[in-house]
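**Student:** okay, sequence plus prediction incoming.
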Amino acid sequence: MSNQQHSSKSTQHHHQQHYHVPQVLRNEHDIIFTNDEATCCKFVLYQLGYINDDYIKYMINLNELPNNLNDIINNPILIKGYYIRYIYIKYFIYHFIQKNKNKKIQIVNLGSGYDTLYFHICKEFNNNENKLLYLEIDYDQVIENKKNIIKYYNLPFKEDEYKLFSCDLKDINKLQNIFIENCDLNIETLFISELSLCYLDKNSNNLLINLIYNLFKENTRFIIYEPIIDINNKYGKQMLINLNKRNCPFLSLSITKEEQINRFKRDLNNLNIYINNLFEIYKILLRVDSNFSKVINKKHFMFDGIEEWEMIGKCYYFLYSYSCGGENNNNSETTNNSEEDNFNDKELPINVYGYKEYQQQ
């Protein structure tokens, strides 16, 4: 698979800043293993009929399924949490593509793992007029494995729009080179992170967010899925203990919703930030989408442990941020556009952002 340069004239002469990043000890192998676990959970969703993902089976070794597979299958909280996470991320990506029809856009998945959403995009938007660049970035071992899987199973992709890069997310200078050499910095770009930023120390985390905002400015969009661990949440504290024992601790984590919002605040033209937790999203979906209620209880009827589900669901948050335009933003939105804010859509006809918590005028 080619990783050829995709530079635009507007980015070729961009000034490159050199970042000094202190070394922090982490176990790369154990972090990679969390990707294998996430892929296995998606495969279980597929097998149980929660999701229609014909590509996920290629991303796992059926001869090396984890010993706790039955525990995953029989865990309603884990299954429902992963299902909501899966459809939520997919929804944002699909809406981003659909609302920018006939426009050039970019999607960057930070710590992409064995995610399969690009292949669905390639299939379902095959005749779409979007000019899409889709980048996936992860450890070298993950990217090389994924390239081999794509080649072996002949999975569909367009070489000029789908590019995979090996890079540790704490290597800010290498990331900067990838963005400058392959992206157009003057068009809307959606950055996705599902837990990946949590494995970076706080300094590297902030450097990465600053790098993206500095390069893409008002064209930056983030969709972030991360835990926010309240000191009074027993599940959250136990999760951190377990991750430390497995040598893959979360090195940068917000303890309040306000702290998480502040990480993504910048002095940009009309910056908007939405945030909501998994449990509240679940309740909203049950109330407004009858099909969701049928699917969420397809194999696991909602459970005796509703209090446990609430405690766990309130640990995990989706954050979405975007700016309503700048001098170079041709895809700008209107701040008080109720149709945009509510994301009316056949699949999820609700305000999937959650609540708007911050707006920079």
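**Tutor:** Structure's in. What do you need? Numbering: from 1, shown residues only.

**Student:** going forward, measure contacts between C-alpha atoms and count neighbours the same way
**Tutor:** Noted.

**Student:** lowest-confidence helix or strand of the chain?
**Tutor:** Lowest mean confidence among the helices and strands of the chain (mean pLDDT, DSSP states H and E): helix 338-342, at a mean of 37.

**Student:** now for R263: which residues touch it?
**Tutor:** Neighbouring residues of R263 by Cα atoms under 8 Å, 6 or more residues apart in numbering: N206.

**Student:** measure it to L135 for me?
**Tutor:** 23 Å (Cα to Cα, to the nearest Å).

**Student:** same question for N219.
**Tutor:** In terms of Cα to Cα, N219 sits 16 Å off from L135.

**Student:** neighbour count: the two, which is higher?
**Tutor:** Neighbour count, other Cα atoms under 10 Å: between N219 and L135, N219 has more, with 27 against 22.

**Student:** how much space between that one and L175?
**Tutor:** Using Cα to Cα, N219 is found at 18 Å from L175.

**Student:** where's I192 relative to I284, distance?
**Tutor:** I192 is 23 Å from I284, where distance means Cα to Cα.

**Student:** neighbour-wise, which of the two wins?
**Tutor:** Neighbour comparison, I192 and I284: the larger count goes to I192, with 23 against 15 (by other Cα under 10 Å).

**Student:** now do the SS call for that one.
**Tutor:** Using DSSP: H, G, I helix; E, B strand; the rest coil as the criterion, the local structure at I192 reads strand.

**Student:** same thing with N242?
**Tutor:** With three-state DSSP as the basis, N242 sits in helix.

**Student:** number of nearby residues for it?
**Tutor:** Counted with other Cα under 10 Å, the neighbours of N242 add up to 13.

**Student:** so how far is N186 from it?
**Tutor:** Distance from N242 to N186, counting by Cα to Cα: 42 Å.

**Student:** got a list of contacts for stretch 206-226?
**Tutor:** With contact meaning Cα under 8 Å, 6+ apart, stretch 206-226 is reached by 89, 92, 169-170, 172, 176, 185-195, 198, 263-264, 268-269, 316-326, 329.

**Student:** just the buried ones from the residues you listed?
**Tutor:** Neighbour-count burial (16 or more other Cα atoms under 10 Å) applied to these gives 89, 92, 169-170, 172, 176, 185-195, 198, 264, 268-269, 316-326, 329.

**Student:** inside helices: which ones of the residues you listed?
**Tutor:** Taking DSSP state H as the definition of helices, those contribute 89, 92, 172, 176.

**Student:** these: which two are farthest apart?
**Tutor:** F92 and I172 (26.0 Å; Cα to Cα).

**Student:** the closest residue to L271 other than its chain neighbours and N272, how far apart?
**Tutor:** Nearest residue to L271, sequence neighbours excluded (Cα to Cα, 6 or more residues apart in numbering): S323, at 4.1 Å. Plainly put, S323 is 6 Å away from N272 if you go by Cα to Cα.

**Student:** equivalent analysis for S321, please.
**Tutor:** 6 Å.

**Student:** again with L135
**Tutor:** According to Cα to Cα, L135 stands 24 Å off from N272.

**Student:** then F92?
**Tutor:** Taking Cα to Cα as the measure, F92 and N272 are separated by 15 Å.

**Student:** also D54?
**Tutor:** 35 Å.

**Student:** neighbour count for those two, which is higher?
**Tutor:** The neighbour count for D54 versus N272, taken as other Cα under 10 Å, is higher for N272 (21 against 12).

**Student:** ramachandran angles for the more buried one?
**Tutor:** Dihedral angles phi and psi of N272 (degrees, to the nearest 10) take the values phi -120, psi 140.

**Student:** okay, and the beta partners of it?
**Tutor:** Bridge pairing for N272 (DSSP bridges) gives the partners Y322, Q359.

**Student:** just checking, it touches L319?
**Tutor:** No - using Cα atoms under 8 Å, N272 is not in contact with L319, being 10.5 Å away.

**Student:** can I get stretch 35-53 in PDB, CA atoms only?
**Tutor:** The C-alpha trace of stretch 35-53 is given here as PDB (Å, rounded to 0.1, in the frame of the first residue of the first chain):
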ATOM      1  CA  ASN A  35      -6.700  -2.900  20.500                       C
ATOM      2  CA  ASP A  36      -7.000  -6.700  20.100                       C
ATOM      3  CA  GLU A  37      -9.500  -6.700  22.900                       C
ATOM      4  CA  ALA A  38     -11.500  -3.900  21.300                       C
ATOM      5  CA  THR A  39     -11.500  -5.700  18.000                       C
ATOM      6  CA  CYS A  40     -12.700  -8.900  19.600                       C
ATOM      7  CA  CYS A  41     -15.600  -7.000  21.300                       C
ATOM      8  CA  LYS A  42     -16.700  -5.600  17.900                       C
ATOM      9  CA  PHE A  43     -16.500  -9.100  16.400                       C
ATOM     10  CA  VAL A  44     -18.800 -10.300  19.200                       C
ATOM     11  CA  LEU A  45     -21.200  -7.500  18.400                       C
ATOM     12  CA  TYR A  46     -21.100  -8.700  14.800                       C
ATOM     13  CA  GLN A  47     -21.700 -12.300  15.700                       C
ATOM     14  CA  LEU A  48     -24.600 -11.500  18.000                       C
ATOM     15  CA  GLY A  49     -26.300  -9.400  15.300                       C
ATOM     16  CA  TYR A  50     -25.900  -6.000  16.900                       C
ATOM     17  CA  ILE A  51     -23.900  -4.500  14.000                       C
ATOM     18  CA  ASN A  52     -23.600  -5.300  10.300                       C
ATOM     19  CA  ASP A  53     -19.800  -5.300   9.800                       C
END
